[in-house]
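Colleague: Generate a structure from the sequence data that follows.
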Amino acid sequence: MAKVFFSYSHDDEAYRDQLEKHLALLRHEGLIESWHDRRILAGADLNQVIDDQLNQADVILLLVSASFLSSRYCYSIEMARALERQSRGEAQVVPVIVRPCDWQQPPLNGLMAVPRDGKAITTWANHDEAYTDVARSIRSLVTQLGGRTHVAGAPSRAQPLAAASALPSEQVSLPRSSNLRLRKEFTERDQDAFQHAAFDYLARFFEGSLAELQARTPGVEGVFRRIDGNAFSGVVYKDGKKLSQCGIRLGGGGFRQGGITYSSDPSAPSGSYNEMVMVEKDDQAMYFKPLGMAMHGGRSDKLTQEGLAEFFWELLIKQLQ
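Modeller: Okay, the predicted model is just below:
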């Protein structure tokens, strides 16, 4: 069984939770045992426990983000020790790019990062696909490690046999489950904040995308207009002719409360739309569900705000492709 160590900034704890959830099958199969600092018991020597676990790990996952890179402990202590152990052939270090950041510099640029092509998890249209890609890479790695990993009950490579047998009994950790994740509860306030943040992101995304489309394509003009705090429109012209347009509104679902709607007519009244998404949640995260596509038997993805932005943009741009 391979011991997997999570090195991460607490700003990224939600991403660590999701990744651990996607690694559950590997745990059930007895291929890995995972550890992170939230498993430290009250009263324990924090630094010593982390050092011990880091020195015993077979696979060290670096959850890379701007927060990780700016953390002295994550970058200068945990990552430095992880890379030292890898250089000695004692462990495998895997950068998991969580959020976009300038990570492609030494020493990380010499490592094979996941997800695929080092594309940050938050930039995938569907986060579940990104986590699945990471989980498959870790499965491949621990399978290759095979007999080089820890055997249950054996001392780690970082600790000589004699020293292990001499440890006082009070310092020996009791075995416990790695499945200690609890169901998360999301209030109506949480869901409202999630929806408002996504709408603000949508507005910035469309403004930037329309400007980039105009910059890249001669004769094309992309016009973004913020109508009010809950609505904006986008129009694409080609040589002065209107080719595609949309209106996106927060809470424009008519008889439905909340939601974000997409209309191919920016002047359409509230309650009239071509597509609508609603906030849904599972035991670990909130996401958007497209109601129109679901009703027509199409995509029923759990969309992140990035995935939602790409989904709505596709509705606008497909008329030009």
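
Colleague: Return the residues in contact with Lys242.
Modeller: 235-236 (Cβ atoms under 8 Å, 6 or more residues apart in numbering). C-beta: built from backbone N, CA, C; applies to glycine.

Colleague: got it, and Leu31?
Modeller: Leu31 neighbours (Cβ under 8 Å, 6+ apart): 1-2, 139, 142-143.

Colleague: how near is it to Asp17?
Modeller: 20 Å (Cβ to Cβ, to the nearest Å).

Colleague: Make a markdown table out of the contacts of Leu31 and add neighbour count and pLDDT.
Modeller: Converted to a markdown table, the contacts of Leu31 look like this (neighbours: other Cβ atoms under 10 Å; pLDDT from 0 to 100):
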| residue | neighbour count | pLDDT |
| --- | --- | --- |
| Met1 | 16 | 88 |
| Ala2 | 23 | 92 |
| Arg139 | 16 | 94 |
| Val142 | 23 | 92 |
| Thr143 | 11 | 90 |
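
Colleague: mind showing which ranges of the stretch 201-321 of the chain have poor pLDDT?
Modeller: 252-258, 292-301 (pLDDT under 70).

Colleague: Where do the strands of it begin and end?
Modeller: 220-228, 231-238, 241-250, 260-263, 275-281, 286-290 (DSSP state E, counting those that start in this stretch).

Colleague: buried sites along the longest one?
Modeller: This means strand 241-250. When burial is assessed from 16 or more other Cβ atoms under 10 Å, strand 241-250 yields the following buried residues: 244-250.

Colleague: Output the residues you listed as CSV; include the columns distance to Leu213.
Modeller: Formatted as CSV, those follow (distance: Cβ to Cβ, whole Å):
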residue, distance to Leu213
Ser244, 10
Gln245, 13
Cys246, 13
Gly247, 18
Ile248, 16
Arg249, 22
Leu250, 23
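
Colleague: quick check, nearest of those to Gly208?
Modeller: Ile248 (14.3 Å; Cβ to Cβ).

Colleague: just checking, that closest one touches Tyr262?
Modeller: Yes - if you go by Cβ atoms under 8 Å, Ile248 and Tyr262 touch, sitting 5.6 Å apart.

Colleague: overlap in contacts of these two?
Modeller: With Cβ under 8 Å, 6+ apart, Ile248 and Tyr262 have common neighbours Phe312.

Colleague: hang on, the earlier thing: so which of the contacts of Leu31 comes closest to Arg183?
Modeller: Looking across the contacts of Leu31 and measuring by Cβ to Cβ, the closest to Arg183 is Arg139, at 25.4 Å.

Colleague: residue contacts, that closest one?
Modeller: Going by Cβ under 8 Å, 6+ apart, the list of residues near Arg139 reads 26, 31.

Colleague: Now do stretch 75-92: distance from first to last residue.
Modeller: 17 Å (Cα to Cα, to the nearest Å).

Colleague: Can you tell me which of the strands of the stretch 201-321 of the chain is packed in deepest?
Modeller: Of all the strands of the stretch 201-321 of the chain, strand 260-263 has the most neighbours on average by mean count of other Cβ atoms under 10 Å, namely a mean of 24.

Colleague: Residues in contact with that strand: which ones?
Modeller: Under Cβ under 8 Å, 6+ apart, the answer for strand 260-263 is 195, 198-199, 202, 246-253, 272-277, 288, 308, 312, 315.

Colleague: for stretch 107-127, same thing?
Modeller: Against stretch 107-127 from outside (Cβ under 8 Å, 6+ apart): 15, 18, 62, 64-65, 79, 83, 93-101, 103-104, 130-131, 133-134, 137-138, 285, 301-304, 306-307, 310-311.

Colleague: before we move on, what about stretch 5-25?
Modeller: Against stretch 5-25 from outside (Cβ under 8 Å, 6+ apart): 4, 32, 34-36, 38, 53-54, 57, 59-63, 65, 67-68, 70-71, 74, 78-79, 82, 96, 98-99, 121-122, 127-128, 131-132, 134-135, 138, 179, 181, 184, 284-285.

Colleague: Can you turn the buried part of those residues into a ChimeraX selection?
Modeller: Selecting only the buried entries of the contacts of stretch 5-25 in ChimeraX, with 16+ other Cβ under 10 Å as the criterion:
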select :4,32,34,35,36,53,54,57,59,60,61,62,63,65,67,68,71,74,78,79,82,96,98,99,121,122,127,128,131,134,135,138,285
